[in-house]
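[1] structure for the following, please:
(2 chains)
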Protein chains: 2
Amino acid sequence: MMHDQLKFKKLGIDTQQEHVVYMRSDCHICKSEGFSALTRIKVSNNDKSIVASLNVIESELLSPGEISLSKGAREALQVPEEAYLTLSHIPPVESMKFVRSKIYGHTLTFNALQEIMVDIVQGNYSNVDIAAFITGCAGKMSEEEVTGLTRAMVEVGERLDWGIPVVADKHCVGGLPGNRTTPIVVSIVAACGLTIPKTSSRAITSPAGTADTMETITRVNLSLEEMKQVVKKEGGCFAWGGSVKLSPADDLLIRVERALDIDSEGQLIASVLSKKVSAGATHVVIDIPVGETAKIRSRKTAETLKERLEKVAATVGLRLKVVLTDGTQPVGRGIGPALEAMDVLAVLKNETSAPQDLKERAILLAGDLLELAGEVPNGQGVVVAKEVLETGKAFEKFKAICLAQGGFTLPTFAAFSYQVKAEKAGTVNKIDNRRLAKVAKLAGAPDDPAAGVLFDAPLGKKVVVDEVLYTIFAESEGELSYALEYIANEKDIITIF
Amino acid sequence: MMHDQLKFKKLGIDTQQEHVVYMRSDCHICKSEGFSALTRIKVSNNDKSIVASLNVIESELLSPGEISLSKGAREALQVPEEAYLTLSHIPPVESMKFVRSKIYGHTLTFNALQEIMVDIVQGNYSNVDIAAFITGCAGKMSEEEVTGLTRAMVEVGERLDWGIPVVADKHCVGGLPGNRTTPIVVSIVAACGLTIPKTSSRAITSPAGTADTMETITRVNLSLEEMKQVVKKEGGCFAWGGSVKLSPADDLLIRVERALDIDSEGQLIASVLSKKVSAGATHVVIDIPVGETAKIRSRKTAETLKERLEKVAATVGLRLKVVLTDGTQPVGRGIGPALEAMDVLAVLKNETSAPQDLKERAILLAGDLLELAGEVPNGQGVVVAKEVLETGKAFEKFKAICLAQGGFTLPTFAAFSYQVKAEKAGTVNKIDNRRLAKVAKLAGAPDDPAAGVLFDAPLGKKVVVDEVLYTIFAESEGELSYALEYIANEKDIITIF
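    Presented below is the predicted three-dimensional model:
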């Protein structure tokens, strides 16, 4: 139907995960659908279709008969430079009826969760719809629903099968700056001969994800095929989860969850476990840092989470060990991709300046994983992990994996820096992890990989007046100022008593 | 702080009620805040500030150092052609903590609701945040919470005081195409000497709101001051609620509610009653059409709604009469602004072709309102209303109000039309109001005022093959085709048996 076709024009607007279609205000389809940013329209290019939200152009950015798409929408539809797109109205998204029924207190069946996940992954849910799903479920999911959600999330994505009985993995619930144990744990465990196909996220609200950190050393944008080859060759990998697309529903849910700052236990469990099942893992160690300004704030919450994680894991066939760790202060010195990578390298190279807290945590988690996977007898895990690390075998494995992924380079410091100093003498007695992470982010992390915070004031340290508490690094003066503006108004990020 | 200032460039993008800020991907603030459509940034122009969501420009639409805003954001900040805007990061929106606590089962106090409404009206909530509030409250509000919400919604907007003891008003819960009784009721009641400062909405998901309909006859974009003058002169008015800005929170909530298709009883009650209290009304008649494809689908739901409306009205000091009416088919013949205006005029002018169902409903509601307000003795309302209408006094009042608002013109038919005919002979026995309304919308209503549907197949009508069931009107061929494409796939919008 030619009358519903419009010519694509590139505008270069990135609206991230929500697809947007741009139409002139005098376009008849625009009039038919009604002017609203909440209006959703189906856009098709040959046999591909997406649903997009409408933004209206009231200027000459578009000529009559032209249409544009946000970057993500254009990629999803694979629109070339010259193309005519077909527009059509959409029926209401069917699976939203399940979301509405959940909101009104009904239970979600596995089939309902399946339909919801399929619609979310196909882009049929707007951010507002996803927010309704998350809110409707928060704090109101039974074990059966969490299990159903986990399974549904696995089903809508790829699922790997390594053809071996034991596949190791680890995960950290997060929220603790600098807690970059993953590259070390993977190196130790893979050096012991286990298979550990680790995928990691990029930062969403934090100054660095493991993928951001590892990207300062090697390539992490592996395709699923490339990831498989690296793991087959070296036993482990440091891949970015986003490019291998395991559990794609999770990526869409998690952004809205964080924007709302809603930590739904049920969704956290489904998120973590669906990723592990999708990656083909069988034996998984989960690190839950507990601290007032970490993600999990109390021992009690951590214990409940541990229990539910174990129950749901059992129903989806995962062997799980949950470890509660100290979450009262940052781990290591670096906060930000390159600065954290330097910590990781220092530990792997057994440098004397290496942060001991990071080293100990990595050894602990690797030891637990070796034991859980049956690779070493119980009680021997930590000893073996320590030996593999200190003899340099872990570093050899780390380099081998990096080279298999496409290279091994060393991270560098940013050009601009500012030292935050103690205003009085005393002992460091409290650290606000959240605000410290915010400083690193405002300085440019993780988009500027060398930006961040170099932390030098662990709990209990005695400091004199003007002693450096932490150094802010930034790649431009503007970003440095932006971070400094923030700390000028924020008292007691580090409390000295 | 000059380093956080960027030069405004107009792009002319309308994102409706959610403010968007456009920044280049290489802009340092953009990097600091992180790339996400869910990232929120504070934008200031002199002493005004708004919070906007970030969209990233990856093309030459913006030059380095430039920034743009969506239409609504620009209007809210009153940005002239040439201006430098200041950007800053925002702390988390405080009142979202109440939304989160509601989600987890706690009760919202009046103070919490007040803070939430203030933040919503100030634009501090994104659509995703509003969706979380709506979802968290849906089906879970106590009478106290609904009363609190009603009061909070009144407080964040203007509130009129007419200085007289009896101020009449009417409201229809909606969902029934063509049910345009308001202009007739206002004319009758004002002709009887009562004060009825009626504000009406534009269509959100329907083919016409009363404001859209009246705009085909007179000016409805009255300022609050103009509205007051019209009411003081003529006793009544037909003003668009959006321009007088009574209960502004409601306008923001209602769009997200409708996008989610969540009809929360508590929010519906607060929405209706807050508008009435804000308008200074004391005696209000509420029309609830009940029918399978109307907004309220069952007698039982309607009865519960009636009861709760009456309870909450009592606590906020409103005298209320709730009338349940037939919602099984459209009222009158027109569906769409101009077509409905023609029906209204035909009734007011006592033309023999005037739709009797519309006339009877208007008389019923006007009669109830006259009785409730104590203007006529009980049992006399309908008689008096009928007389005022049939003697032409109501039409005189209607014209006088229109002239006071800025003019009186007659609506016209659209240029393009298509007759939908019966495929078989029989009796009309079911009408899908929702899909019939959708046809009118796809044909261009309400943005094209003359577009819509002229309905000719009331329930019980006997039709022969090829008899016209309804006529679709559109202002362009493209829009007509768009509507025809829809009906080609939709069976039984009108069922003949």
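
[2] what is the burial count for the residue of the stretch 151-300 of chain A found nearest chain B?
    Closest approach between the stretch 151-300 of chain A and chain B, counting by Cβ to the nearest Cβ: A:Ala259, at 3.9 Å. Glycine gets a C-beta too; all of them are placed from N, C-alpha and C. A:Ala259: 24 surrounding residues under other Cβ atoms under 10 Å in any protein chain shown.

[3] in this structure it contacts B:Val128, no?
    Yes - using Cβ atoms under 8 Å, A:Ala259 is in contact with B:Val128, at 5.6 Å.

[4] you'd agree A:Asp326 is up against A:Val290?
    Yes - counting by Cβ under 8 Å, A:Asp326 touches A:Val290, with 7.2 Å between them.

[5] between the two, which has more neighbouring residues?
    Between A:Asp326 and A:Val290, counted using other Cβ under 10 Å, the more crowded position is A:Val290 (23 against 14).

[6] so what's that one up against?
    The contact partners of A:Val290, taken as Cβ atoms under 8 Å, 6 or more residues apart in numbering or on different chains, are A:296-299, A:301-302, A:324-327.

[7] same thing but at 7 Å, please
    A:Val290 makes contacts with A:296, A:298-299, A:302, A:324, A:327, as judged by Cβ atoms under 7 Å, 6 or more residues apart in numbering or on different chains.

[8] from those residues, which land in helices?
    A:299, A:302 (DSSP state H).

[9] what does the stretch 51-200 of chain A put close to chain B?
    Counting by Cβ under 7 Å from any Cβ of the partner chain, the residues of the stretch 51-200 of chain A lying close to chain B are A:55-59, A:61, A:71, A:89, A:92, A:96, A:100, A:103-105, A:127-129, A:131-132, A:135-136, A:138-139.

[10] among the residues you listed, the buried ones, what's the PyMOL command?
    Under the burial definition 16 or more other Cβ atoms under 10 Å in any protein chain shown, those of those that qualify are selected in PyMOL by:
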select buried, chain A and resi 55+56+57+61+71+89+96+100+103+127+128+129+131+132+135+136+138
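
[11] wait, what's in contact with A:Trp162?
    A:195, A:197, A:280.

[12] redo that, cut-off 6 Å
    Contacts of A:Trp162 were listed using Cβ atoms under 6 Å, 6 or more residues apart in numbering or on different chains, and they are A:195, A:280.

[13] how about the secondary structure of it?
    Secondary structure state of A:Trp162, per DSSP: H, G, I helix; E, B strand; the rest coil, is coil.

[14] contact partners for the closest residue to A:Arg40 other than its chain neighbours?
    Spatially, and ignoring its direct neighbours in sequence, A:Arg40 is nearest to A:Val51 (5.3 Å; Cβ to Cβ, 6 or more residues apart in numbering or on different chains). A:Val51 is in contact with A:40, A:42, A:90, A:123-124, counting by Cβ under 6 Å, 6+ apart.

[15] could you do A:Val277 as well?
    A:154, A:316.

[16] measure it to A:Val312 for me?
    A:Val277 sits 10 Å away from A:Val312, going by Cβ to Cβ, to the nearest Å.

[17] same question for A:Ala152.
    13 Å.

[18] one more: A:Ile472?
    41 Å.

[19] between these two, which is the more surrounded one?
    Shown here are A:Ile472 and A:Val312; by other Cβ under 10 Å, A:Ile472 has more neighbours (27 against 24).

[20] surely the more buried one touches A:Lys421?
    No - A:Ile472 is not in contact with A:Lys421 according to Cβ atoms under 6 Å; the separation is 11.7 Å.

[21] which one is the residue nearest to the spatial centre of chain A nearest to, not counting chain neighbours?
    Centrality entry for chain A: nearest residue to the mean C-alpha point is A:Ser201, 3.4 Å, by Cα atoms, centre = their mean. Leaving aside its sequence neighbours, A:Ser201 sits nearest to A:Gly209 (Cβ to Cβ, 6+ apart; 4.6 Å).

[22] and the pLDDT at the residue nearest to the centre of chain A?
    What the model reports as pLDDT for A:Ser201 is 84.

[23] what do you get for A:Gln329?
    89.

[24] now A:Gly174
    pLDDT, read off for A:Gly174, is 76.

[25] that one contacts A:Lys295, doesn't it?
    Yes - assessed by Cβ under 6 Å, A:Gly174 is found in contact with A:Lys295 at 5.4 Å.

[26] assess the claim that A:Lys185 and A:Leu364 are in contact.
    Let me fix one detail, which is that residue A:185 is Val and not Lys. No - with contacts counted by Cβ under 6 Å, A:Val185 stays clear of A:Leu364, the gap being 9.3 Å.

[27] more neighbours: these two, which one.
    Between A:Val185 and A:Leu364, counted using other Cβ under 10 Å, the more crowded position is A:Val185 (31 against 20).

[28] separation between that one and A:Val173?
    With Cβ to Cβ as the criterion, A:Val185 and A:Val173 are 15 Å apart.

[29] can you give me the neighbour number for A:Glu94?
    11.

[30] quick check: phi and psi at it.
    Main-chain dihedrals, A:Glu94, degrees, to the nearest 10: phi -50, psi -40.

[31] name the nearest residue to it, sequence neighbours excluded.
    Leaving aside its sequence neighbours, A:Glu94 sits nearest to A:Glu115 (Cβ to Cβ, 6+ apart; 7.1 Å).

[32] could you measure from the one you found over to chain B?
    Relative to chain B, A:Glu115 is positioned 16 Å away (Cβ to the nearest Cβ, to the nearest Å).

[33] try A:Leu149
    From A:Leu149 to chain B the distance is 17 Å (Cβ to the nearest Cβ).

[34] before we move on, what SS does that residue have?
    Three-state assignment for A:Leu149 (three-state DSSP): helix.

[35] does it touch A:Ile116 like I think?
    No - applying Cβ under 6 Å, one finds A:Leu149 not in contact with A:Ile116, separated by 8.8 Å.

[36] let's see the longest strand along chain A as CSV, backbone CA atoms only.
    Criterion DSSP state E: the longest strand present in chain A is strand A:48-57. The C-alpha coordinates for strand A:48-57 follow below in CSV (Å, rounded to 0.1, in the frame of the first residue of the first chain):
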residue,chain,number,x,y,z
LYS,A,48,11.1,-6.9,9.3
SER,A,49,8.9,-4.9,11.7
ILE,A,50,9.3,-3.0,14.9
VAL,A,51,7.0,-1.0,17.1
ALA,A,52,8.2,2.6,17.8
SER,A,53,7.0,5.5,19.8
LEU,A,54,6.0,8.7,17.9
ASN,A,55,7.9,12.0,18.1
VAL,A,56,6.6,14.7,15.9
ILE,A,57,8.8,17.0,13.7
